[in-house]
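Student: Sequence first, predicted model second:
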Amino acid sequence: MDRAILHCDCNSFFASVETVLDPALAAGPMAVCGDPESRHGIILAKNEAAKRFGIQTAETIWQAKRKCPSLRLVRPHREQYLAFSARVNEIYNRYTDLVEPFGIDESWLDITGSMHLFGTPVEIADRLRAEVRSETGLTISVGVSFNKTFAKLGSDYKKPDATTVIGRGDVARIVWPLPVQAMLYVGGAAQKELNALYIETIGQLAHADRQMLARRLGHVGELLHDYANGLDDAPVRPAAERREVKSVGNGTTFRRDLLGEGDVRTGIAILADEVAMRLRKKGFCCRTVQLSIRDTTFHTITRRQTLERPTSLARELTGACLALYRANWDARKPIRMLTVTAMNLLPTQCEFEEQTSFFDGAADARDRQRRLEQTLDALRRKYGADALTSAAVLGADFLGGDPADGDKIIELKGAPHS
């Protein structure tokens, strides 16, 4: 028997919460945005009226205002978003204990084992929509399907406040005509590769040669081919279930653009220090480091490097990221955002197992650096995270960025459906 999976997505979540808090915002186009004075001048969310003007999430405020001069801008209230998210998920938990949040505004539900209590999947989906609307003032769209990928497509298919069913007999009619980028995990890079192969729709992806996709996109190509054909047996994992750690990272948009290697060195050092501290706290070191750079036009590159030996040291992460920056970026181009990510994680003891000879001067220096950074960890735990910082950080005028305008802090991210 097929599973019954729901994907519940809050419609225009940030904007909807703001409207519940201030009903006057319901009149006319409105958008939630970051702080323009802190270079967070992009659109975070918009209401249905703003969507009709073509307002897009992540576009700059000046672009949005040019499309809609009457657009009303609201600063975000993140504590309220978290509170509303918790209330909505509490409603989901009435129908199943298998609820997997996917971000702050959407969740998967596996209701296979509770249908005998609450009715058919469509009946449960419609009851959830009604209860969320009456108890929180928000609306949700619900996709109903036999796996997580197609349930997600269902919730995106019709908005707002709608239920869409994608059964096995609906795949060719509903799913396959959709553009390939509509499917989960087809990001910009994957879309570009697929389009280069003349794959424009999910149906074309489903019927493409799987081996050819593997040669072009690696294991991701095989996964996407499976998902397009409905071959997704990933379980719905409750929020409390411990996940395998895949990576630890930190990224931010800076208060002003970074100009030149001096700025970039400081920015990378700040991010790498936080990443290294979290690695040590969780008992990991990394074999691979990744650097993402976004410029002022929102163009992003991502490069990674395998290290000579595993590390949890901020100094070594910083050095590797600086090498990636020098090899892949024109220093004359300003930088808006940086992200440092530690990948290919190993237990901390692997860092010591690959240590060089006891009499090696480099090993001595590395041990001293490790003891120094561990001492900094202890002092920060005792006196606070901001108790100690470098002199270069004190003089930097580009700090104070907030990751909440679309450039998110990344931590414990998994592979698709990990």
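Tutor: Cool, the structure landed. Model, not experiment: these values are computed from the prediction.

Student: how does this protein divide up, domain by domain?
Tutor: 1-167, 176-231, 247-405 (automatic domain parsing).

Student: now the ones you listed in TSV, with mean neighbour count?
Tutor: Bear in mind the C-beta positions are built from the backbone N, C-alpha and C, glycine included. TSV is the format used below for those (neighbours: other C-beta atoms under 10 Å):
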stretch	mean neighbour count
domain 1-167	19
domain 176-231	17
domain 247-405	17
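
Student: For Ala239, find the nearest of the ones you listed.
Tutor: Proximity to Ala239 (C-beta to C-beta) singles out domain 1-167 among those, at 5.4 Å.

Student: Show the end-to-end separation of the closest one, please.
Tutor: For domain 1-167, the first-to-last residue distance is 12 Å (C-alpha to C-alpha, to the nearest Å).

Student: Measure how far it is from the centre of its chain, please.
Tutor: Centroid separation for domain 1-167 versus its chain: 16 Å, with C-alpha atoms, centre = their mean, to the nearest Å.

Student: now it: mean pLDDT?
Tutor: For domain 1-167, mean pLDDT is 93.

Student: go on, stretch 323-331?
Tutor: On average, stretch 323-331 scores 95.

Student: Please list the residues outside that stretch that contact it.
Tutor: The contact list for stretch 323-331 (C-beta atoms under 8 Å, 6 or more residues apart in numbering) reads Gly260, Glu261, Val264, Ile268, Val289, Leu291, Ile293, Ile301, Arg303, Arg304, Gln305, Ile335.

Student: Likewise for stretch 190-198?
Tutor: Under the criterion C-beta under 8 Å, 6+ apart, residues 180-181, 186, 200, 204-205, 208, 212-213, 216-217, 220, 224 lie in contact with stretch 190-198.

Student: Which of these sits closest to Leu73?
Tutor: Checking the contacts of stretch 190-198 one by one against Leu73 (C-beta to C-beta), the nearest turns out to be Gln181, at 28.4 Å.

Student: If I look at that closest one, what pLDDT would I see?
Tutor: Looking at Gln181, its pLDDT is 94.

Student: what's the distance between it and Leu205?
Tutor: 10 Å (C-beta to C-beta, to the nearest Å).

Student: if you look at the contacts of stretch 323-331, which of them are in strands?
Tutor: Among the contacts of stretch 323-331, the members found in strands (DSSP state E) are Val289, Leu291, Ile293, Ile301, Arg303, Arg304, Gln305, Ile335.

Student: what's near enough to touch the closest residue to the last one other than its chain neighbours?
Tutor: With C-beta to C-beta, 6 or more residues apart in numbering as the criterion, Ile335 has its nearest non-adjacent residue at 4.2 Å, and that residue is Leu258. With contact taken as C-beta under 8 Å, 6+ apart, Leu258 is in contact with Val264, Gly267, Pro334, Ile335, Arg336, Leu338, Phe398.

Student: Ok, Pro238 next?
Tutor: Contact analysis of Pro238 by C-beta under 8 Å, 6+ apart lists Asp97, Leu98, Val99, Glu100.

Student: Below-threshold pLDDT in the stretch 251-400 of the chain: ranges please.
Tutor: For the stretch 251-400 of the chain, the stretches flagged by pLDDT under 70 are 349-367, 374, 377, 379-400.

Student: give me the element the nearest residue to Lys159 once chain neighbours are set aside is part of.
Tutor: Of all residues not flanking Lys159 in the chain, Ser141 sits nearest, at 4.8 Å (C-beta to C-beta, 6+ apart). Using DSSP states H and E, Ser141 maps to strand 140-145.

Student: neighbouring contacts of that strand?
Tutor: Contact partners of strand 140-145, identified using C-beta under 8 Å, 6+ apart, comprise 4-11, 88, 121-122, 125-126, 128-129, 132-133, 150-167.

Student: can you pull out the helices in the stretch 251-400 of the chain?
Tutor: Here the stretch 251-400 of the chain has its helices, by DSSP state H, counting those that start in this stretch, at 260-282, 314-328, 349-353, 361-383, 391-394.

Student: Assign Cys8 to helix, strand or coil.
Tutor: strand (DSSP: H, G, I helix; E, B strand; the rest coil).

Student: roughly how far apart are Val165 and Ala24?
Tutor: Computed as C-beta to C-beta, the Val165 to Ala24 distance reads 37 Å.

Student: Dump stretch 317-329 to CSV, restricted to CA.
Tutor: Written as CSV, here are the backbone C-alpha positions of stretch 317-329 (Å, rounded to 0.1, in the frame of the first residue of the first chain):
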residue,chain,number,x,y,z
LEU,A,317,40.0,26.9,7.6
THR,A,318,40.8,30.6,7.0
GLY,A,319,43.9,29.8,5.0
ALA,A,320,42.1,27.3,2.8
CYS,A,321,39.2,29.7,2.1
LEU,A,322,41.6,32.5,1.3
ALA,A,323,43.3,30.2,-1.2
LEU,A,324,40.0,29.5,-2.8
TYR,A,325,39.2,33.3,-2.9
ARG,A,326,42.5,34.1,-4.6
ALA,A,327,42.2,31.4,-7.2
ASN,A,328,38.6,32.0,-8.1
TRP,A,329,37.7,35.7,-7.6
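
Student: quick one: that stretch to chain centroid distance?
Tutor: 23 Å.

Student: try stretch 202-215
Tutor: With C-alpha atoms, centre = their mean as the basis, stretch 202-215 stands 26 Å off its chain's centre.

Student: what mean pLDDT would you report for that stretch?
Tutor: Mean pLDDT, stretch 202-215: 95.

Student: let's number from 53 now, not from 1
Tutor: That works, and once the first residue is 53, the last one we named lands at stretch 254-267.

Student: okay if I get the domains of the chain as a markdown table plus distance to Arg289?
Tutor: Converted to a markdown table, these look like this (distance: least, C-beta to C-beta, whole Å):
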| stretch | distance to Arg289 |
| --- | --- |
| domain 53-219 | 5 |
| domain 228-283 | 15 |
| domain 299-457 | 18 |
